[in-house]
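1. I would like the atomic coordinates for the input below:
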Amino acid sequence: MATYRITFVHAPARQHDQYDNALFSPLWAYALASHVPANWDAAVADCLADDKATIGPASVFAFSGTNQDLDSLRTVHGWLKTKYPGATFVLGGPITWSLEQEGKLELVSFFDHLFILDGEETLADFLRRFEQGSVDSMPKVIRGERFPLERARPIRFDLYRKMSDRYFGATIEVSRGCPFLCEFCDVRVLPDNNRANNKSADLIVRELDEHFKVGVTRFLFVCDNFIGDIRWAQECVDAMLAWQQRTGAKLSIFTWTTINIAKLPDLMAKMRRVGFEVLYIGIESVNEHALLETAKVQNRVALKPAVSKIQSFGFVIAPGFIFGFDSDVADVFESTLSFIVDAGLIGGDPSFLMAMPGTPLFQRMQRTRRLVERGSNSTSRRKIVTNIRYLLDARFLTSGFVGFIEDLMDPRTQFARFRNHVDLVAKSVDFVATSGRSKDGSRGALRFLKLQWGSPVGRRTLFMRAAYLARRPARALAVLRGWWLAKRASRGGRELNLHFYFWVYAWTSLGLRYDGLREDDLSLSSVEAGFDVASLAEDGERGPDVRMDMSQGTAKAKLQARYTHRALARLAANGGAVREAKPIE
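-> Below is the predicted model:
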């Protein structure tokens, strides 16, 4: 009989889409619960799905989160600490690594112990020391190492089943790490994380099977890059196809990948047959020099043909776009909007470049004194707050983004992007239907609506979405015209229900977030007048930072630095022409 109890507390800051009450399960909690010692009882408390008042006593409360969760973590920690003063409170996850890299771990010092990096083994050791009464001798900061996912265990399905009906879908971690070099990405700088670290195909299928037994058919395949190891990706999809043939399961899968999947038509065809539907892909910029500047070399392809090729198989691309690169030019907003519409991209949430702690970009901004210190308070009333002094004028970026959002949200723009998407898919010779699940898009929408209707917050958000569309008749008309396009395509054998619902969801999500966006909703900074752009190229000649060498290998670090230096040298040679961009009148 268990004599100790650990409760994993999922308490993130409520993001806009979380108010939909259509959540995916908190993977970290159910995964770590499978690694606790046998004589420990485990529980999961999801504060997005349940009131924190229902959390019972425990010997240890374990939290995880990201930087934007700081205030929420502090609030829930304080509430539980008051209720259970004798308990031990620990924190891990991306937030501890990030704050350590930034030199701000003191912001979470109210926790008894802080776990940095992978916690599967360090948490289990901590709990064993807790049993022995020797935990007080352990350091405040407990550091882990890369955990080989081939040693991963199935999640605690006994805990998950109790909550499965609360979730729109399930999360399955399939891989960690990415082989690419993007300067702004914090994935690559985690120790030994600049390569794929894969879970076995057999375990992935086993977890799919367990979820399927309780009726779960919608999944987020959590990874940094599903095709980071192409051979493994092929093996994984083949194993899923074999399982699918045995069980008749019809799935809907979202995952993360890179745009070079366009070069793998055989893999894309198999992924479609298994049920992959939405791919999160960081396109970042339509400016080749910006991609070179940040060493995103995998995107230095003909972007429009690559995007079209991926969508032609029937995938929905949820693209990432970033503004604020040093190499951005005055038409950055117009060219990005044109690309989105012409390419028929129906999702995405454009943002501004941020320097994530520990990344080469953060180090470069720090060396050139271009970091903006925002203080220790993570709360901001602004909708967009960044930490870089951009080369483009902050007034130009602010007014340009407000105009970009206004144009993007225009019903004519929205209908045009969806029409182009439908036309591309409808005419494609590559199209592959997913699992024969012709009604999945509609079933998913009904499930989504049911979950929303099940809570006061969800119902309010649902009404807000409907009101956003109804407030301008042109919006409602665009939705009706889009529905007719999708229905007409389905008569030709191209079932696009999910595409339609995804488009409406993405549109209304951005609408609720940015409706009435004003310039004072953004807090952006730029370098001072007369900033010496040539100094950026001079900084690049110094080579990569020593910490970067240690985390990912000197050869790769120098390769990334060469790409960045080449782009900045070009910028310097042009005299920093982008500084001459004027604010939009």
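
2. and the closest residue to residue 64 other than its chain neighbours, what does it touch?
-> Residue nearest to residue 64 in three dimensions, not counting chain neighbours: residue 93, with 3.3 Å by C-beta to C-beta, 6 or more residues apart in numbering. No exception for glycine: its C-beta is placed from N, CA and C like everyone else's. Neighbour list for residue 93: 28, 63, 64, 65, 66, 115 [criterion: C-beta atoms under 8 Å, 6 or more residues apart in numbering].

3. Which of the residues you listed are buried? Put it as a ChimeraX command.
-> Buried members of these, defined by 16 or more other C-beta atoms under 10 Å, are picked up in ChimeraX with:
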select :28,63,64,65,115
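
4. Which members of the contacts of residue 93 are the farthest-apart pair?
-> Greatest spatial distance among the contacts of residue 93 (C-beta to C-beta): 66 and 115, at 14.4 Å.

5. List the buried residues of the helix or strand containing residue 231.
-> Residue 231 is part of helix 230-247 when elements are defined by DSSP states H and E. The neighbour-count check on helix 230-247 (16+ other C-beta under 10 Å) flags 232, 233, 234, 235, 236, 237, 239, 240, 243, 244 as buried.

6. same check, this time on stretch 498-516
-> In terms of neighbour count (16+ other C-beta under 10 Å), stretch 498-516 has its buried residues at 498-512, 514.

7. One more: stretch 329-342?
-> With burial defined by 16+ other C-beta under 10 Å, the residues of stretch 329-342 counted as buried are 330, 332, 333, 336, 337, 339, 340, 341.

8. if we can go back for a sec, which one of the buried residues of helix 230-247 is nearest residue 317?
-> residue 233 (17.4 Å).

9. residues in contact with that closest one?
-> Contacts of residue 233 by C-beta under 8 Å, 6+ apart are 226, 227, 267.

10. measure it to residue 332 for me?
-> 33 Å (C-beta to C-beta, to the nearest Å).

11. Tell me if residue 387 really is in a helix.
-> No. Per DSSP: H, G, I helix; E, B strand; the rest coil, residue 387 lies outside any helix segment and is strand.

12. Around the spatially closest residue to it that is not a sequence neighbour, how many other residues sit close by?
-> Once flanking residues are discounted, residue 387 sits nearest to residue 372: 4.8 Å by C-beta to C-beta, 6+ apart. Applying other C-beta atoms under 10 Å, we find 15 residues neighbouring residue 372.

13. So residue 372 is in contact with residue 394, correct?
-> No. Applying C-beta atoms under 8 Å as the test, residue 372 and residue 394 come out as separate, 10.4 Å apart.

14. intersection of neighbour lists for these two?
-> residue 525.

15. Contacts only, for residue 209.
-> Residue 209 neighbours (C-beta under 8 Å, 6+ apart): 243, 247.

16. Give the burial count for residue 11, as a bare number.
-> As a measure of burial, residue 11 has 25 neighbours, counting by other C-beta under 10 Å.

17. Quick check: the gap between it and residue 227.
-> As defined by C-beta to C-beta, residue 11 lies at a distance of 33 Å from residue 227.

18. And the pLDDT for residue 214?
-> Predicted confidence (pLDDT) for residue 214: 93.

19. re the thing from before, quick one: mean pLDDT for the helix holding residue 231?
-> 97.

20. Which SSE is immediately downstream of it?
-> The C-terminal neighbour of helix 230-247 among helices and strands, as given by DSSP H and E, is strand 252-257.

21. other SSEs contacting that next one?
-> strand 218-222, strand 276-284 (3 or more C-beta pairs under 8 Å, 6 or more residues apart in numbering; DSSP states H and E).

22. any idea which helix or strand comes after it?
-> helix 265-274.

23. which strands and helices sit next to that next one?
-> helix 230-247.

24. relative to strand 276-284, how tilted is the helix it packs on?
-> Interaxial angle, helix 230-247 versus strand 276-284 (axes from the mean of the first three to the mean of the last three C-alpha atoms, to 10 degrees): 160 degrees.

25. Render the CA-only coordinates of helix 230-247 in PDB, please.
-> Taking C-alpha atoms only, helix 230-247 is exported to PDB below (Å, rounded to 0.1, in the frame of the first residue of the first chain):
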ATOM      1  CA  ILE A 230      13.400  10.400 -41.600                       C
ATOM      2  CA  ARG A 231      14.100   6.700 -41.300                       C
ATOM      3  CA  TRP A 232      12.500   6.600 -37.800                       C
ATOM      4  CA  ALA A 233       9.500   8.600 -39.200                       C
ATOM      5  CA  GLN A 234       9.000   6.000 -41.900                       C
ATOM      6  CA  GLU A 235       9.200   3.200 -39.400                       C
ATOM      7  CA  CYS A 236       6.800   4.900 -37.100                       C
ATOM      8  CA  VAL A 237       4.200   5.600 -39.800                       C
ATOM      9  CA  ASP A 238       4.500   2.000 -41.100                       C
ATOM     10  CA  ALA A 239       3.900   0.600 -37.700                       C
ATOM     11  CA  MET A 240       0.800   2.800 -37.300                       C
ATOM     12  CA  LEU A 241      -0.500   1.700 -40.600                       C
ATOM     13  CA  ALA A 242      -0.200  -2.000 -39.600                       C
ATOM     14  CA  TRP A 243      -1.900  -1.300 -36.300                       C
ATOM     15  CA  GLN A 244      -4.700   0.600 -38.100                       C
ATOM     16  CA  GLN A 245      -5.300  -2.300 -40.500                       C
ATOM     17  CA  ARG A 246      -5.700  -4.600 -37.400                       C
ATOM     18  CA  THR A 247      -8.000  -2.300 -35.500                       C
END
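
26. So what angle separates the directions of it and strand 218-222?
-> Using the same axes, to 10 degrees: helix 230-247 against strand 218-222 is 160 degrees.

27. how far out from the middle of the chain is helix 230-247?
-> On the basis of C-alpha atoms, centre = their mean, to the nearest Å, helix 230-247 sits 24 Å off its chain's mean C-alpha point.

28. Skipping adjacent residues, who's closest to residue 172 in space?
-> In space, and not counting its chain neighbours, residue 172 is closest to residue 207: 5.3 Å by C-beta to C-beta, 6+ apart.

29. Can you tell me the SS state at the one you found?
-> Here residue 207 is recorded as helix under three-state DSSP.

30. Now for it: which residues touch it?
-> The contact partners of residue 207, taken as C-beta under 8 Å, 6+ apart, are 154, 155, 172.

31. can I assume the first one is in contact with residue 206?
-> Yes. Under the criterion of C-beta under 8 Å, residue 154 lies in contact with residue 206, with a separation of 6.1 Å.

32. could you dump stretch 505-524 to PDB, C-alpha only?
-> Output of stretch 505-524 as PDB, limited to C-alpha atoms (Å, rounded to 0.1, in the frame of the first residue of the first chain):
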ATOM      1  CA  TYR A 505     -11.500  28.500 -35.800                       C
ATOM      2  CA  ALA A 506      -8.200  30.200 -36.800                       C
ATOM      3  CA  TRP A 507     -10.000  33.300 -38.100                       C
ATOM      4  CA  THR A 508     -12.200  33.800 -35.100                       C
ATOM      5  CA  SER A 509      -9.400  33.100 -32.700                       C
ATOM      6  CA  LEU A 510      -7.300  35.800 -34.200                       C
ATOM      7  CA  GLY A 511     -10.400  38.000 -34.400                       C
ATOM      8  CA  LEU A 512     -11.100  37.600 -30.700                       C
ATOM      9  CA  ARG A 513      -7.500  38.300 -29.800                       C
ATOM     10  CA  TYR A 514      -6.900  41.300 -32.100                       C
ATOM     11  CA  ASP A 515     -10.300  42.800 -32.800                       C
ATOM     12  CA  GLY A 516      -9.800  46.600 -32.500                       C
ATOM     13  CA  LEU A 517      -6.000  46.200 -32.200                       C
ATOM     14  CA  ARG A 518      -4.400  49.600 -31.600                       C
ATOM     15  CA  GLU A 519      -0.800  50.700 -31.700                       C
ATOM     16  CA  ASP A 520      -0.600  51.100 -27.900                       C
ATOM     17  CA  ASP A 521      -1.400  47.400 -27.700                       C
ATOM     18  CA  LEU A 522       2.100  46.700 -28.800                       C
ATOM     19  CA  SER A 523       5.300  47.400 -26.900                       C
ATOM     20  CA  LEU A 524       8.200  47.200 -29.400                       C
END
